[in-house]
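pasted the sequence and its predicted model underneath.
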Amino acid sequence: MIDSTETRLIQNAKRGDTRAIATLYDLHYPAIYNYIYFRVDDQPTAEDLSAEVFIRMIKKITAYNDRGRPLLAWLYTIARNLVTDHHRSSGKKEELSHKDQLLADRGSDPAQQVQDLQTQDCFRKALTHLKESQRLILIYRFIEEYSTPKIMELLSKSDRAVRSLQHRALRSLEKALVEENCL
């Protein structure tokens with residue numbers, strides 16, 4: 001269920017209130033950027049695609065219908081479509097990489113950087129074996145660190161369905177990690 005603050009922001013954004021649009025951007029940009037960055041090769045591409053999500057939001061906000069789901073769910077759908085189009089147009093298979101961020105976060109220990117990159121690469125390859133719904137739930141839960149109720153809201157699924165999907169995704173990830181010789 002959408003909270004009343006977001007509902008008011010959406011209504012104001014539909015009337016062209018630039019402050020409401022800016023607030024929605026500030027609220028949701030980090031989640032959208034992380035979602036996209038986890039699926040593309042580099043930071044500039046993630047920034048460009050994230051910006052495009054909000055350009056599309058602005059262009060289509062008047063057509064947005066509140067169906068009891070948060071605006072973020074709609075923005076994730078736009079982001080997913082943009083990432084799919086990006087990979088299709090570049091002729092690449094979707095990759096899930098945090099290499100640049102990982103290098104920046106690890107300081108100056110080269111041995112640790114190499115080990116972390118190998119682990120990341122293994123994880124990225126394993127994720128490509130999963131269904132989109134499984135990848136999505138793992139990103140929501142373990143990358144974005146959303147609570148189960150938040151995921152229920154985003155996916156319009158029951159608690160049991162979310163937990164079941166998460167369980168299946170983790171089992172599939174484990175199998176994929178074995179296939180990639182990571183375990």
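Now that the structure is in, tell me what you want to look at. Numbering: from 1, shown residues only.

lowest-pLDDT helix or strand in the protein?
Counting by mean pLDDT, DSSP states H and E, the weakest-scoring helix or strand in the chain turns out to be helix 99-105, with a mean of 44.

count the residues that sit near residue 136.
By the measure other C-beta atoms under 10 Å, the count of residues near residue 136 is 19. The C-beta positions use only the backbone N, C-alpha and C, and glycine is treated the same way.

chain center to stretch 58-78: distance?
Put simply, stretch 58-78 sits 15 Å off its chain's centre (C-alpha atoms, centre = their mean, to the nearest Å).

make that stretch 134-149, sorry
The chain centroid and the centroid of stretch 134-149 are separated by 9 Å under C-alpha atoms, centre = their mean.

need the contact partners of that stretch.
31, 34-35, 38, 80, 96, 127, 130, 150-151, 154-155, 159, 162-163, 165-166, 168-170, 172-173 (C-beta atoms under 8 Å, 6 or more residues apart in numbering).

apply 10 Å and report the result again.
Residues outside stretch 134-149 that contact it (C-beta atoms under 10 Å, 6 or more residues apart in numbering): 30-31, 34-35, 37-39, 72, 76, 80, 94, 96, 98, 123, 127-131, 150-155, 157, 159, 162-173, 176.

so residue 40 makes contact with residue 34?
No - contact between residue 40 and residue 34 fails when scored by C-beta atoms under 10 Å: they sit 11.4 Å apart.

overlap in contacts of these two?
Contacts common to residue 40 and residue 34, judged by C-beta under 10 Å, 6+ apart, are 46, 50.

are any of the contacts of stretch 134-149 buried, and if so which?
31, 34-35, 37-39, 72, 76, 80, 94, 96, 98, 123, 127, 130, 150-155, 157, 162, 165-166, 169, 172-173, 176 (16 or more other C-beta atoms under 10 Å).

quick check: chain neighbours aside, which residue is closest to residue 181?
Nearest non-adjacent residue to residue 181, counting by C-beta to C-beta, 6 or more residues apart in numbering: residue 122, 8.0 Å away.

this completes my enquiry, with thanks.
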